[in-house]
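Asks: when you get a sec, could you give me coordinates for this:
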Amino acid sequence: QVQLVESGGGLVQAGGSLRLSCAASGSFFRINAMGWYRQTPGKQRELVASIRSSGSPDYSELVKDRFTISRDNAKNTVYLQMNSLKPEDTGVYYCNAGIRERILTNERTYWGKGTQVTVSS
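Replies: You can find the predicted model right below:
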């Protein structure tokens, strides 16, 4: 069974940094795009950053120039380096990946359970 497990959340002061990690485990053929979303109470889950299997990234305008997404395909892991954190970055951060379990199966979207990031002012 494919699982995504996030780590690295926590409490940090405004202006500080955190690094999130998300590792995919289980049996699968290929991981395509991976990404990070965040959700705050009363709001919809929003895309923070994504990265293609080639390594090409995309960012939300809200985090561009402060966050960096990267991946290690050998470790089936995606990272989110978050710098210059602001209180409005507070939320639960979810990892997301498009995974093909077998060579002839379609891609499915998997989600992690989330990790809390709290930025104090």
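
Asks: from A14, how far off is K86?
Replies: The span separating K86 from A14 equals 6 Å under the rule CB to CB, to the nearest Å. (Glycine included, C-beta is placed from N, CA and C.)

Asks: what touches both of these two?
Replies: Counting by CB atoms under 8 Å, 6 or more residues apart in numbering, the shared contacts of K86 and A14 are V119.

Asks: residues touching the closest residue to R71 other than its chain neighbours, list them.
Replies: Residue nearest to R71 in three dimensions, not counting chain neighbours: V78, with 4.5 Å by CB to CB, 6 or more residues apart in numbering. With contact taken as CB under 8 Å, 6+ apart, V78 is in contact with S21, C22, M34, G35, W36, I51, I69, S70, R71, C95, A97.

Asks: and if you look at G15?
Replies: S84, L85.

Asks: name the SS class of it, please.
Replies: With DSSP: H, G, I helix; E, B strand; the rest coil as the basis, the three-state label of G15 is coil.

Asks: hang on, the earlier thing: how close does the residue nearest to R71 sit to S121?
Replies: Using CB to CB, we find V78 at a distance of 28 Å from S121.

Asks: what of I103?
Replies: Taking CB to CB, one finds I103 at 50 Å from S121.

Asks: tell me the pLDDT at the residue nearest in space to the middle of the chain?
Replies: With the centre of the chain defined as its mean C-alpha position, the nearest residue by CA atoms, centre = their mean is W36, 2.7 Å away. For W36, the model assigns a pLDDT of 98.

Asks: next one: the one 10 residues further on
Replies: E46 is assigned a predicted lDDT (pLDDT) of 96.

Asks: which parts of this protein are strands?
Replies: Taking DSSP state E as the test, the strands found in the chain are 3-7, 10-13, 18-25, 30-39, 46-51, 57-59, 67-72, 77-82, 91-100, 107-111, 115-120.

Asks: what's the neighbour count on S70?
Replies: 15 (other CB atoms under 10 Å).
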